[in-house]
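Novice: The following comprises the amino acid sequence and a computationally predicted model.
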Amino acid sequence: MEIAAACDITANSISIVYYDFGLKRRYARTSLVGTPVTALNATKELARLLITSMREYNIGASVIKSVGIAAPVHIESVLDGELSADSLYLSPETEIFFVPYISAGISGRFTASLLTLPDGESVMADIGHSLCIAYKSADGIVCAAFPLTGAFDGSGIESGMPAENGAIDAVRREKDALVYEVIGDRESIGVSPCGAAMAVNMMREEGIIDSDGIMTDRDLLYIGEDFFVSQSDVRAIQSDKARCRAAFEVFPGAERTFLSGEPFATETGLCAMLGLGALPELFRGAGFCRNSAEQGIIMFLESGETREKAADIARNARDITGELTDKFDDHYFNYLSF
């Protein structure tokens, strides 16, 4: 076998996809959640996850031919200086690549997402710890990044976690019962952003929260016995949905839109985001997936031509965040109400 390890690092998770070059398919995937990932611990946590998962999937160090990493800018800068094949306990011949970032606010994760776009005019948005959005046309790529409070990557939700095994990713009412689904059909260990968005949208429809986001007859909505949506969770979702909608209001649009992020783990998650008002109605027909960065990292590792394309994107994409900030702030307050 000849295997590549595609590593996607966020503020609260690390995932590794093992990709078989010969068979052109994903061989295995693993993830780390529940531990904040910082510039101080990223090297150690990535090495630990790589070693334990290679042992679990019976992957020898000699078959890992390359490692691709996309991470927040401050983490990538540290990893670039610390990581080596030796520090990851891999063969000395293993190549380590970093997906280049566009600006201080737009990391290599978004560059990787942009690699997955088809030809032609389109808009790409990735919603997580921040909202990164790009407009691609024949004239090039313009992009912007807007900070979020963590409702849509799980870090700002009291019981929150990414949409990995054990996460509650669907919440709905059936007759008088509140029912939920868990990824991997196992015991739940937290609520995914997709599940939280569905829960708050249901609360809005049933009058459990009013138009100002205030829970009217309780302090918590329990999902099962151990997990819940709190008033502070509602506030986080309320703020982030207003931030997302304001960003889409001020950013250039296109007929084709592609969405990526934890809220889009399922189609019902997309519908919940539309119901909350986080997305304009014209996005109902958008293409979506939970994580486009992972596929982009795989493409980045597959060929030197794609790596050159990524470098070209990072070098020439224009970050217009500063030009939109004042308009964004004005629209944000207009979309706070449910």
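Specialist: Ah, there it is. Bear in mind that the values here come from a model prediction, so they are computed numbers and not experimental data.

Novice: can you give me the strands for the stretch 51-200 of the chain?
Specialist: 64-70, 95-98, 122-127, 130-137, 140-147, 167-174, 177-182, 190-191 (DSSP state E, counting those that start in this stretch).

Novice: for the second one, packing partners?
Specialist: Right, strand 95-98. For strand 95-98, the packing partners by 3 or more CB pairs under 8 Å, 6 or more residues apart in numbering; DSSP states H and E come out as strand 64-70, helix 73-82. Backbone N, C-alpha and C define where each C-beta goes, glycine included.

Novice: Same question for the fourth one.
Specialist: Secondary structure elements in contact with strand 130-137, counted by 3+ CB pairs under 8 Å, 6+ apart, are helix 108-115, strand 122-127, strand 140-147, helix 231-250.

Novice: One more pass at 10 Å, please.
Specialist: helix 108-115, strand 122-127, strand 140-147, helix 231-250, strand 257-261, strand 318-319, helix 321-334 (3 or more CB pairs under 10 Å, 6 or more residues apart in numbering; DSSP states H and E).

Novice: So which of these is nearest residue 282?
Specialist: strand 257-261 (7.8 Å; CB to CB).

Novice: right, and the helix or strand after that closest one?
Specialist: helix 267-276 (DSSP states H and E).

Novice: For that next one, name the packing helices and strands.
Specialist: strand 167-174, helix 193-206, helix 231-250, strand 257-261, strand 287-289.

Novice: before we move on, back to that, looking at the helices and strands packed on strand 95-98, which is buried most?
Specialist: Of all these, strand 64-70 has the most neighbours on average by mean count of other CB atoms under 10 Å, namely a mean of 24.

Novice: Each with direction, which strands does it pair with?
Specialist: If you go by DSSP bridges, strand 64-70 pairs up with strand 3-9 (parallel), strand 95-98 (parallel).

Novice: what's around residue 150, how many residues?
Specialist: Neighbour count of residue 150, defined by other CB atoms under 10 Å: 20.

Novice: quick one on the thing from earlier: what's the most buried one of the helices and strands packed on helix 267-276?
Specialist: Of the helices and strands packed on helix 267-276, the one with the most neighbours on average (mean count of other CB under 10 Å) is helix 193-206, at a mean of 26.

Novice: so for that helix, what's the average pLDDT?
Specialist: For helix 193-206, mean pLDDT rounds to 95.

Novice: So which elements touch the next helix or strand after that helix?
Specialist: Once helix 193-206 ends, the next helix or strand along the chain (criterion: DSSP H and E) is strand 220-223. With contacts defined as 3+ CB pairs under 10 Å, 6+ apart, the packing partners of strand 220-223 are strand 167-174, strand 177-182, helix 193-206, strand 227-230, helix 231-250.

Novice: Report the strands that pair with strand 220-223, each with its relative direction.
Specialist: Here, using DSSP bridges, strand 220-223 pairs with strand 227-230 (antiparallel).
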